[in-house]
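Engineer: A structural model of the following input is requested.
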Amino acid sequence: MGSLSNLVRTSGFGESVSGSAPYTNYGLAQCYGDLSSLDCVLCYAQARTALPQCFPSTGGRIYLDGCYARSENYNFYEEYLGPTDTAVCGNKTRAKPAFVESARRAVMQAVANAPKNKGYAREKVLVTGEGNESAYVLANCWESLNISSCQLCLTNASSKILRCLPSSEGRALNTGCFVRYSNVNFLNNESKSGISKGTIRVIAVSVTSTVILLAIGIAAGIHFRKLRRIKKKRRGSNDAEELVQMLHDSSLNFKYSTLEKATDSFAEANKLGQGGFGTVYKGVLADGREIAVKRLFLNNKHRAADFYNEVNIISGLQHNNLLIFLYDPDIEILECTSSDPLLGRTLNWKKRYGIMIGTAEGLAYLHENTITRINHRDIKASNILLDAKFRAKIADFGLARTFQDDKSHISTAIAGTLGYMAPEYLAHGKLTEKADVYSFGVLLLEIVTGMQNNRTKNEDYSESLIIASTWKHFQRSTLEGILDPNLTPPEENDGNINEEAMRVVHIGLLCTQEVPSLRPSMSTTVQMLKKERHLPPPSSPPFIDERTMELNDMCENPNHPLRGESSSSIATLAFSSFHGR
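Structural biologist: This is a model prediction of the structure:
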C-alpha cells in the first residue's frame, strides 16, 4: 500500500493496484473530511502499520477515528455493504432521554446531508434542557462510491448505530462508509492546515472472519503508540512524523513495481533463502546494482512489528561483524556438526577461531559502543553468517531490544531459541546483556565440539544438553573427548589447536555460568579469546532437566502450538552442517 502515500498526502484519498495475477493487490485509503493534512499522513501511516493484523487473510480493513484503509486481492472499490459490517457501541453510560432524541436527529441529518456533500457531513445538535451538552455526529462515505451507493451505505449504517442508544457513544463500520456519534466533541477543526483534535483509535477487521477485532483507545503501530496531546484530545508525535518522513525520503524506498522487475517477479530462481519474516530474493536494478529483497510474510500481527523493530535498531549501526541489509553472493550460514568430516574440515581451526572472535567483537559493539545498549536476544549458529573470507556477520535483529545505561535490566516477554536462552531470562523475563553472553557461550561450545545444542554427540550420556556434557568433561579433565575430531585430524596432530580449543571451552563455561554477574562482559570475553586475560575457574552452569528437553523436542514438531508463538523463534532449533566452498 506504499503507493497510496503520495495520494493520501496530497488529497486525503487514494486507490492503487499493484502486482500481477494471481498476486494483484487493490488498495484504498481515505482520511475523514475534518482531518488536517498532517494528521491525515500520520493516521494513514498508522493504518498501514496496523493492516498486517489482518493477515494471513487475503484482505483486511482498518478503521481509525481519523481514516480508513483497505486491501484486497480483488476490485472492491464499488462495494458499499458486506457481511462483516457492524456497529460498535461505546461505554455503558446510559444517556438521558433528551440526548437520545438529539443524537437520533443528528445522525439522520448527517446521513441525509453527506451524499450531497462529497460523502461527508458532521452535525452538532444541542440537547434540550441540558445546558451546553450536545450530540456530535460524523458521517463519511469512501470517495470510490457514487451518490446512490453512498446513500444506501449510510442508511444501513444509521439503522445499526441507532441501536446503540441510549449508550452515549456508537460507531458504524460499513464496507463503504463510517458513522459515529458521541456526547463528547470528537469533531476536528475543518481547516486542512495544522494539527486538529481528537483521539486516534483502532478497529481492525479481518475479512475472512465474522469477528471484528476491536482495539478502541489503543493506537496500533510500533512507532505510533504515543501521539502528543493537542487540546486534550488529538495526539501528535515528533517521532511518528520523523519516521513517516524517514521512510518517504529513504534511498531504499523503492516502488513495488521496481522490486518486482528487479527480481523477475520474485522468481524462484532468484530465491536466496527463507526465514520467519519472509523470503529473500536476489534482484538487479536497472543501473546494474545487485540488491537483496525481503518479501515479508506478515502472517500475524507480531511479524510486522518485529521487522520494523529490526529496521529501527540496525539503521544506525556500523560494524564489520554486523550484517546490515546487504546482498553478498558469498554469504553462508554458520552451522555446527561433526557428522560430515569433509564439511567439518573445511572450516579449520583458524577459521573457527576468527569466527568466534568476530562474533564476540560484534556483540561487544552492540552492548557497549552504541548510543543505547542493544541486546540481540537470538544469538545462535544460524544467525551468524559468513562472507567469502569466513568473517562472521551477526544477523537477524528482529528480536533485539534496546535500553538506557541507567537501567540494570528490562522486563520483556520471553523471546529467543530454546537451548540458548539464559535461565534467569527464561524464568523471569529480566533481560540484561548477560543473556547474550550466555547464548554466545553456548555458541562457543558448539563450534569447538561440533555438537548440537540440544543433543550430545554420544547418546549414552545421561545429560542431553551440550553445557552439561561439557561441564562433566571439564571437571574430569577429559575435554579432549568432546572436541570436534575434525579440528585435529590424525595426520596433523596439532597440540596447539587442542590447547586453544580447550581454552575456548573454558571461556564458553565462563559465559554460561548460572549466576549472571559471574559471566564476563563481551569486551572481557574478546580479551579472553585473544589471550589477553587470565581465565578464572568457572562455577557450575545451570542444569536443565529432561523435561526441558522434552519441551524442546515437542517444539520441533511443526504442529505443536508453541511453533506459532510470534514472540519466540523456537522454530529455528535445527542444525545442519558447516558450509564449505
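Engineer: please make it C-alpha for all contacts and neighbour counts, starting now.
Structural biologist: Will do.
Engineer: where does the nearest residue to Val526 once chain neighbours are set aside land in three-state SS?
Structural biologist: Among residues not flanking Val526 along the chain, Ala360 sits closest, at 5.8 Å (Cα to Cα, 6 or more residues apart in numbering). The three-state label given to Ala360 by DSSP: H, G, I helix; E, B strand; the rest coil is helix.
Engineer: show me the contacts for Ala360.
Structural biologist: By Cα atoms under 8 Å, 6 or more residues apart in numbering, the contact list for Ala360 reads Phe440, Met522, Ser523, Thr525, Val526.
Engineer: can you show me the CA trace of stretch 30-48 as PDB?
Structural biologist: Extracted in PDB, the C-alpha atoms of stretch 30-48 (Å, rounded to 0.1, in the frame of the first residue of the first chain):
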ATOM      1  CA  GLN A  30      -9.100   7.800   2.900                       C
ATOM      2  CA  CYS A  31      -9.000  10.400   5.700                       C
ATOM      3  CA  TYR A  32     -12.200  11.700   7.100                       C
ATOM      4  CA  GLY A  33     -13.300  15.100   5.900                       C
ATOM      5  CA  ASP A  34     -12.300  17.100   9.000                       C
ATOM      6  CA  LEU A  35      -8.800  15.700   9.400                       C
ATOM      7  CA  SER A  36      -5.900  18.000   8.900                       C
ATOM      8  CA  SER A  37      -3.200  17.300   6.300                       C
ATOM      9  CA  LEU A  38      -0.500  16.400   8.900                       C
ATOM     10  CA  ASP A  39      -2.900  14.200  10.900                       C
ATOM     11  CA  CYS A  40      -4.000  12.500   7.700                       C
ATOM     12  CA  VAL A  41      -0.400  11.500   6.900                       C
ATOM     13  CA  LEU A  42       0.100  10.200  10.500                       C
ATOM     14  CA  CYS A  43      -3.200   8.400  10.500                       C
ATOM     15  CA  TYR A  44      -2.600   6.600   7.200                       C
ATOM     16  CA  ALA A  45       0.900   5.600   8.400                       C
ATOM     17  CA  GLN A  46      -0.700   4.100  11.500                       C
ATOM     18  CA  ALA A  47      -3.300   2.300   9.400                       C
ATOM     19  CA  ARG A  48      -0.700   0.900   7.100                       C
END
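Engineer: quick one: average confidence on that stretch?
Structural biologist: For stretch 30-48, the mean per-residue pLDDT is 85.
Engineer: for stretch 428-442, same thing?
Structural biologist: Stretch 428-442 shows a mean pLDDT of 89.
Engineer: contact partners for Leu518?
Structural biologist: By Cα under 8 Å, 6+ apart, the residues touching Leu518 are Leu510.
Engineer: hang on, I meant Arg476
Structural biologist: By Cα under 8 Å, 6+ apart, Arg476 lies in contact with nothing.
Engineer: try Glu79
Structural biologist: Contacts of Glu79 (Cα under 8 Å, 6+ apart): Leu145, Thr175, Gly176.
Engineer: residue ranges of the strands in the stretch 401-550 of the chain, please?
Structural biologist: Here the stretch 401-550 of the chain has its strands, by DSSP state E, counting those that start in this stretch, at 401-403, 410-411, 430-431.
Engineer: compare those strands and say which comes out lowest on pLDDT.
Structural biologist: Lowest mean pLDDT within those: strand 410-411, at a mean of 54.
Engineer: confidence score at Ala21?
Structural biologist: Reading off the model, Ala21 has pLDDT 72.
Engineer: hey, what's Ala135 bridged with?
Structural biologist: Using DSSP bridges, the bridge partners assigned to Ala135 are Val125.
Engineer: surely it meets Tyr181?
Structural biologist: Yes. Counting by Cα atoms under 8 Å, Ala135 does reach Tyr181; the two are 6.9 Å apart.
Engineer: between these two, which one's more packed in?
Structural biologist: Tyr181 (32 against 26; other Cα atoms under 10 Å).
Engineer: assumed the more buried one was part of a strand.
Structural biologist: Yes. Judged by three-state DSSP, Tyr181 forms part of a strand.
Engineer: quick check: nearest residue in space to it, chain neighbours excluded?
Structural biologist: Take Tyr181 and drop its neighbours on the chain: the residue closest to it by Cα to Cα, 6+ apart is Val137, 4.3 Å away.
Engineer: any idea which helix or strand comes after the helix or strand harbouring that neighbour?
Structural biologist: Using DSSP states H and E, the element containing Val137 is strand 134-141. Going down the chain from strand 134-141, the next helix or strand is helix 147-161, by DSSP H and E.
Engineer: list of residues touching the helix or strand following that next one?
Structural biologist: Note on helix 147-161: by DSSP H and E, the next helix or strand toward the C-terminus is strand 169-173. Outside strand 169-173, the residues within contact range by Cα under 8 Å, 6+ apart are 63, 85-91, 157-158, 160-162, 164, 178-183.
Engineer: measure Thr402 to Ala415 for me?
Structural biologist: Going from Thr402 to Ala415 by Cα to Cα, to the nearest Å gives 14 Å.
Engineer: more neighbours: those two, which one.
Structural biologist: More crowded of Thr402 and Ala415, by other Cα under 10 Å: Ala415, with 20 against 17.
Engineer: picking up where we left off before, surely the residue nearest to Tyr181 and Asn183 touch.
Structural biologist: No. Shown here, Val137 and Asn183 do not form a contact pair, counting by Cα under 8 Å, at 9.1 Å.
Engineer: the two: who's more crowded?
Structural biologist: Applying other Cα under 10 Å to Val137 and Asn183 shows that Val137 carries more neighbours, namely 31 against 21.
Engineer: show the contacting residues for the more buried one.
Structural biologist: Ala103, Ala106, Val107, Ala110, Arg122, Glu123, Lys124, Val179, Arg180, Tyr181, Ser182, Leu187 are the contacts of Val137 under Cα under 8 Å, 6+ apart.
Engineer: surely His534 and Met528 touch.
Structural biologist: Yes. In this structure His534 lies within contact range of Met528 using Cα under 8 Å: 7.0 Å.
Engineer: the more surrounded of those two?
Structural biologist: With neighbours defined as other Cα under 10 Å, His534 and Met528 compare such that Met528 has more, 19 against 8.
Engineer: how much space between Lys282 and Phe266?
Structural biologist: From Lys282 to Phe266 the distance is 9 Å (Cα to Cα).
Engineer: which one of the two has more residues nearby?
Structural biologist: Applying other Cα under 10 Å to Lys282 and Phe266 shows that Lys282 carries more neighbours, namely 23 against 19.
Engineer: pairing partners for the helix or strand that one falls within, with directions?
Structural biologist: Assigned by DSSP H and E, Lys282 falls within strand 278-284. Neighbouring strands of strand 278-284 in its sheet, by DSSP bridges, are strand 271-274 (antiparallel), strand 290-296 (antiparallel).
Engineer: so for it, what's the average pLDDT?
Structural biologist: Per-residue pLDDT over strand 278-284 has a mean of 80.
Engineer: and the nearest residue in space to Glu78 that is not next to it in sequence, what is it in contact with?
Structural biologist: Computed as Cα to Cα, 6+ apart, the closest residue to Glu78 that is not its neighbour in sequence is Leu145, at 5.7 Å. Counting by Cα under 8 Å, 6+ apart, Leu145 makes contact with Tyr77, Glu78, Glu79, Tyr80, Gly176.
Engineer: shaky segments in the stretch 51-200 of the chain?
Structural biologist: The stretch 51-200 of the chain contains residues with pLDDT under 70 at 53, 55-56, 91-95, 130, 190-200.
Engineer: go again using 90 as the cut-off
Structural biologist: 51-60, 62-66, 71-73, 84, 89-99, 127-133, 166, 168, 183-200 (pLDDT under 90).
Engineer: quickly list what the residue nearest to Arg171 when sequence neighbours are not counted is bridged to.
Structural biologist: Spatial nearest neighbour of Arg171, excluding adjacent residues (Cα to Cα, 6+ apart): Arg180 at 4.3 Å. Taking DSSP bridges as the rule, Arg180 bridges to Leu138, Arg171.
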